[in-house]
Each structure stands twice: as C-alpha cells, then as structure tokens.
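# Let me see the structure of the following:
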Amino acid sequence: DVARRHQGVPATGWLLPVAIARTGSDLTDDTLLLASAAGATPDVLGACLTYVMLASELLAAQPVHRAIELASCKPVGLAVDEATRPATGSQPTRPRLCGIGPIDAVNAGIWALTQTGYRLASLAASLAHWCEPWVAAAAAGLLGLRDGCAAVPAQWYRLVDAAPACMDLAPEMVRSVPCADTRHLTIVTSSLAS
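Predicted coordinates:
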C-alpha cells in the first residue's frame, strides 16, 4: 500500500520512515522492496538505499562525515566531491544535480549536510533555490535528522495540518525504536509542541 501511494514520486523523501522503523538487513530489504514496488528502476535503487542508509546513520547519531562515508561506501571527500558542484565566479557551491530524483536527493542531502555553520531553516532557502521541491524536501529530511526538531521553525509546524497527528505518533515511535535513547527522543519530540 505504501509503495502504491508513492508510485511515481520523483525523490526519496517518502522512504525516510524506513530508517526510523527498520535496522540491519530489514532496512536494506525493505528499502529495496518499497522502492521497487513504487516503480524505482534498477539504475536508482542504489541511490534510494544510500539515502535511507544516510538517514539511518544520522538517526544513530553518527557524525555527518562518518554517516556519509558509511552510507555511500566511499571516502567522505570523494562522496562530497561527487555530490557538490564547485563554486565558480559569483556562484557558490551547490548540489550537483542530474535531473534524476533519487540521485539528486542524495547529492542535495550530502551537499546540505556538509554546509557547516548553517542549520535547516537557512539551508531550506538554498535547497528551494537550486532543487526541485521533492529533492529539496528529501534533503531537508536529512537536515532534520542532523539538526533535530528544535531546528525547525515553529511557524513551519503551523502550516502542516497533520502536525498534531504526528505528535500523537511520537510516543509510539519511541517505544518501537530498538536501542533508542528515549531521553534524547523525548527531548526532541517535546520541542515539536513549542
């Protein structure tokens, strides 16, 4: 049902819950199963898996550079170089985009995660400028895992009709995440209410 609802969605943000709900081989198997069932072609399955692995490593509190290395199976410098278009003239660095949603989501996510000194709210404007909305949303999901709920501006929550329903799910998620640091999750979810 989940795959059917997301069939044809051009980026990978909808796969983010897999990183929260699954671990180990279940994470890999469910990602590939869901992405394939939603119509992801074999040439983008690797990007779908990289995106979910990156989310999983961030959720496990890995430092950004280590999370990128583990998820991409590449030295961090190479992964960042592949994901980033270098600055030229008056143009700053930006994500390296190819027009393929899952690949662009990984590249935009890696680019955004490595913009040191910038948090979710300030990077969201840059992502919106450079990327298609679905790619920007997928990258912002990774930033949310890096920065935590407290980094999301309060006015954004007021724009989401489902925010109260999401808050109702938070206690159940805390109970279902194996080996979760519930003290950390409680602090993070309580910041949603503010």
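
# Need the nearest residue in space to A140, chain neighbours excluded.
With CB to CB, 6 or more residues apart in numbering as the criterion, A140 has its nearest non-adjacent residue at 5.7 Å, and that residue is A124. C-beta coordinates here come from the backbone N, C-alpha and C atoms, glycine included.

# and after the helix or strand where the one you found lies, which helix or strand comes next?
According to DSSP states H and E, A124 maps onto helix 120-130. The C-terminal neighbour of helix 120-130 among helices and strands, as given by DSSP H and E, is helix 133-147.

# Can you list the helices and strands that that following helix packs against?
Where contact means 3 or more CB pairs under 8 Å, 6 or more residues apart in numbering; DSSP states H and E, helix 133-147 is packed against helix 16-21, helix 42-59, helix 101-113, helix 120-130.

# List the buried residues of that helix.
Judged by neighbour count (16 or more other CB atoms under 10 Å), helix 133-147 contains these buried residues: 134-147.

# which pair in these spans the largest distance?
When the buried residues of helix 133-147 are compared pair by pair using CB to CB, the farthest-apart members prove to be W134 and D147, with a separation of 20.3 Å.

# picking up where we left off before, mind giving me the packing neighbours of the helix holding A124?
Packed on helix 120-130, when contacts are counted by 3+ CB pairs under 8 Å, 6+ apart, are strand 94-95, helix 101-113, helix 133-147.

# List the pairing partners of the first one within its sheet, with orientation.
The sheet places strand 94-95 alongside strand 84-85 (antiparallel), with pairing taken from DSSP bridges.

# what distance separates the strand it pairs with from the middle of the whole chain?
Strand 84-85 has its average C-alpha position 18 Å from the chain's average C-alpha position, going by CA atoms, centre = their mean, to the nearest Å.

# what's the answer for stretch 33-40, then?
Its chain's C-alpha centre and that of stretch 33-40 lie 18 Å apart, by CA atoms, centre = their mean.
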